[in-house]
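Asks: Give the three-dimensional model of this entry:
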Amino acid sequence: MAELPAGDGAAGPPAAAPAGPEARMNMPLVSVIIPMYNAQAWIYQTLDSLRGQTYRNLEIIVVDDESSDDGAAIVEAFPDTRVRLIRQKNQGACVARNRGIEESSGELLQFLDADDMLGRDKLAVQIERWRELGDNYVYFGPYAHFSSEPGDIPFRPAGNWRDMSGLDWLIDSWSGDDMMAPHAWLTPRRLVDKAGPWHEKLKQNQDGEYFSRVLLASRGVRFCPAAESFYRIGMTGSISASRSRMAIESRLRSAEMICERILRRENSPRARAACANFFEEVKFVSYPLYPELSAKADYWVEMLGGSSGRQIYRGKVFKMTAPLVGWKLARTLQWMLRDRRGYQTVRADAKPDERERKKKGNMIL
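Replies: Coordinates of the predicted model:
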């Protein structure tokens, strides 16, 4: 496993502007874009993982979404001249990411949440592959979940951790149970411009919707086995936010948009089954709280010809009772015994990133 930055407190050097085409190919500027909302507990550790990168030509743009904690002060005091803080009115992480794109100058972009981390060689390894292949590919690396420190949960390789076309990567992800991890990618600006901005109305699966456009705009995904990153899980309130009505509606809408793009490229049995898988997941997680949304997702599953039969329904209670009483009653029992514990109502007028922050660790593409 790649070593994490030591974080010795030394300020990183400022990013030097490349002098010409040859210099840009050798040392392209990478823009790291971090949306931040009330992340004072994690932002220093996240920035420290960037300060320790073996690839040095970075600009680090933190867009504060009107936090009410001391996160902005931590960013301003961070001992690295490559870090820049931008403040905006509270509008959500996608607006913050789009602002970061507008303010950035790099030839490649790294999106990173304010509580996630990169292995020290992550960017160097992906830049090396980019030098070989150029701007028409998107570069992907392995990621692991972590709770307190990177490495406390082992890597779990997935079937799409390999070189693939963008379309095959999406279909493979939806055929399994793989997460779209935004920190795992390094994206040339050419593809960012071609894909368009982040969708600012979605409250869940924004990363899946966005990177579906990036992947389909590319010539393919190129996997970099040593480009490791780490995704923090176990955030308080993840069930409440991921199961709010607004979150489920966004999940359903993002599935519709991605499915339309996939089927426009390839309307095959494997593509339809992969799309049906995501709707099957939405059908399950929205029941019994939002039966009308569950019914809409079920309609799409049937229209697409049924899912591929992947293991969507989890938990001992469900597996024991579903064959006897049917999936709806079994799911209701599961929700009463498990999901309702600690469930907190998420107000419709809550700040966008309050809902988004609480969904961490419960997101599936």
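Asks: The nearest residue to residue 183 once chain neighbours are set aside: neighbour count?
Replies: Distances taken as CB to CB, 6 or more residues apart in numbering place residue 229 nearest to residue 183, at 4.4 Å, with adjacent residues excluded. (Glycine included, C-beta is placed from N, CA and C.) When neighbours are counted by other CB atoms under 10 Å, residue 229 registers 25.
Asks: next one: residue 75
Replies: The local packing of residue 75 (other CB under 10 Å) involves 25 other residues.
Asks: likewise residue 49?
Replies: 23.
Asks: That one in helix, strand or coil?
Replies: helix (DSSP: H, G, I helix; E, B strand; the rest coil).
Asks: Can you tell me, leaving aside adjacent residues, what's nearest to it?
Replies: Per CB to CB, 6+ apart, closest to residue 49 is residue 117, 4.0 Å.
Asks: surely that neighbour meets residue 45?
Replies: Yes - between residue 117 and residue 45 there is a contact under CB atoms under 8 Å: 6.5 Å.
Asks: ok, the two, which is more surrounded?
Replies: residue 117 (27 against 20).
Asks: Strands of the chain, residue ranges please.
Replies: Assigned by DSSP state E, the chain shows strands spanning 30-36, 58-64, 83-87, 108-111, 117-118, 137-140, 143-146, 185-188, 220-223, 229-232.
Asks: Show me what the first one is packed against.
Replies: Spelled out, that is strand 30-36. helix 43-51, strand 58-64, helix 71-77, helix 93-103, strand 108-111 (3 or more CB pairs under 8 Å, 6 or more residues apart in numbering; DSSP states H and E).
Asks: So which of those is nearest residue 319?
Replies: The closest of these to residue 319 is helix 93-103. By CB to CB, the value is 35.2 Å.
Asks: Could you pull out the buried residues of that closest one?
Replies: For helix 93-103, burial by neighbour count (16 or more other CB atoms under 10 Å) applies to 93, 94, 95, 96, 97, 98, 99, 100, 101.
Asks: Now do it, average pLDDT.
Replies: Mean pLDDT, helix 93-103: 98.
Asks: Any chance you could list what contacts it?
Replies: Helix 93-103 is touched from outside by 31, 33-37, 61, 63-65, 84, 86, 88, 109, 111, 113, 192, 197-200, 202, 206, 210, 352-353, 356, with contacts defined as CB atoms under 8 Å, 6 or more residues apart in numbering.
Asks: ok, of these, which come out buried?
Replies: Using 16+ other CB under 10 Å, the buried members of those are 31, 33-37, 61, 63-65, 86, 109, 111, 113, 192, 197-199, 202, 206, 210, 352-353, 356.
Asks: Contacts only, for the closest residue in space to residue 97 that isn't next to it in sequence.
Replies: The shortest distance from residue 97 to any non-neighbouring residue, by CB to CB, 6+ apart, is to residue 198 (4.9 Å). Applying CB under 8 Å, 6+ apart to residue 198 gives the contacts 94, 95, 97, 98, 206, 210.
Asks: between these, which is closest to residue 136?
Replies: The nearest one, if we look at these relative to residue 136 and count by CB to CB, is residue 210, at 18.3 Å.
Asks: nearest spatial neighbour of the closest one, skipping sequence neighbours?
Replies: The shortest distance from residue 210 to any residue other than its chain neighbours is 5.1 Å, reached at residue 198 (CB to CB, 6+ apart).
Asks: And for residue 194?
Replies: residue 217 (4.3 Å).
Asks: Where does pLDDT dip in the stretch 151-300 of the chain?
Replies: 177-179, 235-242 (pLDDT under 70).
Asks: can you do 80?
Replies: 151-152, 176-180, 234-243 (pLDDT under 80).
Asks: could you pull out the helices for it?
Replies: 166-175, 189-195, 206-217, 238-242, 245-265, 269-285, 291-303 (DSSP state H, counting those that start in this stretch).
Asks: How is this protein partitioned into domains?
Replies: 21-232, 238-358 (automatic domain parsing).
Asks: Can you tell me which of these is packed in deepest?
Replies: Highest mean neighbour count of the domains of the chain: domain 21-232, a mean of 20 (counted as mean count of other CB atoms under 10 Å).
Asks: Could you pull up the contacting residues of the residue nearest to residue 49?
Replies: Residue 117 makes contact with 4, 45, 46, 49, 146, 150, 183, 229, 230, 232 under the criterion CB under 8 Å, 6+ apart.
Asks: With residue 107 instead?
Replies: Residue 107 neighbours (CB under 8 Å, 6+ apart): 24, 28, 29, 30, 135, 188, 189.
Asks: how does it look with 6 Å?
Replies: Taking CB atoms under 6 Å, 6 or more residues apart in numbering, we find residue 107 in contact with 28, 29, 189.
Asks: got it, and residue 219?
Replies: Neighbours of residue 219 in contact, by CB under 6 Å, 6+ apart: 136, 137.
Asks: let's see 8 Å
Replies: 136, 137, 165, 166.
Asks: who's the closest residue in space to the third one that isn't next to it in sequence bridged to?
Replies: So the one you mean is residue 165. Counting by CB to CB, 6+ apart, residue 165 lies nearest to residue 220, which is 4.8 Å off, once chain neighbours are set aside. As for beta bridges, residue 220 partners with residue 137 under DSSP bridges.
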